[in-house]
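Novice: Fold the following.
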Amino acid sequence: MHFPFGRLCVISFRHFSLQSDKLFAARSTLQRHFLPTMKLKAVYGRNSFIDQRHEFSGILNDQTRRFSIQHIQPEPDECILLVENLKLLVVLQHAFNLSAEEFDKYFYRARVRINKQRIGEKQIKIKENDTVDLIKGITKTHVSLKRIHVKSIKQSKPQRVEVDVWDKLTLPRILSQENDCPETQTQ
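Specialist: Coordinates of the predicted model:
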C-alpha cells in the first residue's frame, strides 16, 4: 500500500466488539460513505484502520452508525531547493513543479499570498520565515491551498533554500474584507 508523502492518520473505533461480521460492516461503511477513493488497511491487534488524511473516530453500536470526522493537518514535507535566484516564481516552480502559465493563473485571480497578504507584483523575492500560499479553491467554510514556509536561505551558487511544503492543505476559512477572494467556488 502506497502512502504519498508519508502522511498517515488513524481511524479508530471505540467500544467496538471484535466480531468479524461487525468489523467487515464497519469497513464497508467507511469505504462506501467516507473514503470512496482511498484504500483501507487493517492493523491487527488495535482494531484500527490506516488512512492518509483524516481521523475517523466514533462509537459503532448496533443501533447507531455515526462517525465524527476530525480534520488533522498533514505534516509538511521538508525540502531543500537549489535555485539560481530567490524570485517567487522560481521557488514555486521548484517546490511544486509549477509552470509560469499556472503561476499566472493564480496571480491574476489574486490567489497568491505571502505572509497572508496579497502580492501586487510577480517579481517579489522571498526571505527567510516567509509563508507563501497558492489558493486552489474556496468554499463557504474551507480554503484548499498549497503552502511553502521558507525556513532558511544559504547564500551560495546556486542558492540553497530549505522549505516546508504542504502540497494539499485544507484550512477553515477566516473572512477578512481586504484579503479574501470574492468567489466561493472551488477551482
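Novice: tell me the domain boundaries of this protein?
Specialist: Split into domains by automatic domain parsing, the chain comes to 4-71, 77-172.
Novice: List the buried residues for the helix or strand harbouring L171?
Specialist: For L171, the host element (DSSP states H and E) is strand 159-172. In terms of neighbour count (16 or more other Cβ atoms under 10 Å), strand 159-172 has its buried residues at 159, 161, 163-167, 169-170. Quick note: C-beta positions are derived from backbone N, CA and C, even for glycine.
Novice: Now do that strand, average pLDDT.
Specialist: The average pLDDT for strand 159-172 rounds to 92.
Novice: Tell me where this structure is predicted with low confidence.
Specialist: 1-73, 175-187 (pLDDT under 70).
Novice: And the helices in it?
Specialist: Taking DSSP state H as the criterion, the chain carries its helices at 20-33, 88-96, 100-108.
Novice: wait, which of the buried residues of strand 159-172 is closest to K116?
Specialist: Nearest to K116 among these, counting by Cβ to Cβ, is L169 at 13.8 Å.
Novice: Could you report the distance from that closest one to I135?
Specialist: 10 Å (Cβ to Cβ, to the nearest Å).
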